[in-house]
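Engineer: The sequence and its predicted three-dimensional model are supplied below.
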Amino acid sequence: MTDRDLIPDSEDSTLFRTLLGRRRMLSLGLGAATLAVASPLKAALAALPQSGTRSLALVSTHTNEKLTAAYWRDGVYDKGALQDINYVLRDFRTGEVAPIDTSLLDLLAELHRRAGSRQAFQVISGYRSPKTNAMLASASGGVAKRSLHMDGKAIDIRLHDVALGDLRQAALGMKAGGVGYYKKSDFIHVDTGRVRQW
C-alpha cells in the first residue's frame, strides 16, 4: 500500500492529505535528529589531545621519504605541516599532490596511540589520482573504482613494531571508518568513510 492508496477518491480528502503531510514532516525531523548525533569518527577521535600538538611520523615505502610533522597545534591545523604531509602522501606514480583529509590524519594519530607504536607509519598508498586508481582497478578486483584514496580520505599502512593483525584490531576497535585487511600484502587500509570492514 502506498500513500496514494490512503487518499480517498472524494474531493473531501483534506484530512488524509494533512496526516500524510505530518508523517512526512515527522520523517524529516527524525532525519535531522540522526544528523545531529555525533558521527562515529568524531566519537572515536574524542580521546585526542584538545591542546598542545598532534603529530605524525610517516615513511613512504615507494619514495623512502620520511616526515615527522606536528600538524595540529592548540586547535589549529598547521598549513605548512599539512602541505608537507600532502606532498609525502602524493600519488608517487604521477607526482600529483592533493589535500589529505585532516580527519584521516586525526584517525591515524589516534590509531598510532591505541596501537602503542613508537615507529613511523609505513605508507603504501596515500592519495591516488583518478588515472592511477583506474589503472589499479583494471588490474585488480580488490581496488574500488571510486576509491576514497582519490579524495585523500584513505591510506594503506603498516607499523614495524605492531603485528598487522593487532593493528587491524585497533583500527576496528575505533569504529571510525572503513578498515581493510591485506595480510598477504602486509598492510591495512583505513579511511574516513562509513564504518565497514573487509
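Structural biologist: Cool, got the structure.
Engineer: what ranges do the strands span in the protein?
Structural biologist: Assigned by DSSP state E, the strands in the chain fall at 53-60, 66-73, 76-77, 121-125, 154-158, 178-182, 187-191, 196-197.
Engineer: show me where pLDDT drops low in the protein?
Structural biologist: Low-confidence segments of the chain (pLDDT under 70): 1-38, 141.
Engineer: swap the cut-off to 90 and go again
Structural biologist: For the chain, applying pLDDT under 90 flags the ranges 1-47, 49-50, 136-146.
Engineer: hmm, back to that, possible to save the strands of the chain as a markdown table with distance to Ser140?
Structural biologist: Yep, even glycine has a C-beta here, placed from its N, CA and C like the rest. What follows is the strands of the chain, written out as a markdown table (distance: least, Cβ to Cβ, whole Å):
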| stretch | distance to Ser140 |
| --- | --- |
| strand 53-60 | 21 |
| strand 66-73 | 28 |
| strand 76-77 | 34 |
| strand 121-125 | 12 |
| strand 154-158 | 13 |
| strand 178-182 | 11 |
| strand 187-191 | 13 |
| strand 196-197 | 19 |
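Engineer: and Thr94, which of the ones you listed is closest to it?
Structural biologist: strand 121-125 (12.7 Å; Cβ to Cβ).
Engineer: hmm, back to that, tabulate the strands of the chain in CSV, adding columns for mean neighbour count.
Structural biologist: Shown next, in CSV, are those (neighbours: other Cβ atoms under 10 Å):
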stretch, mean neighbour count
strand 53-60, 18
strand 66-73, 16
strand 76-77, 10
strand 121-125, 21
strand 154-158, 23
strand 178-182, 19
strand 187-191, 24
strand 196-197, 12
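Engineer: Please list all residues in contact with the residue lying closest to Arg196 once chain neighbours are set aside.
Structural biologist: The shortest distance from Arg196 to any non-neighbouring residue, by Cβ to Cβ, 6 or more residues apart in numbering, is to Gly178 (5.1 Å). Shown in contact with Gly178 (Cβ atoms under 8 Å, 6 or more residues apart in numbering): 148, 154, 189-191, 193-198.
Engineer: Can you tell me which of those residues is closest to Leu105?
Structural biologist: Val190 (11.3 Å).
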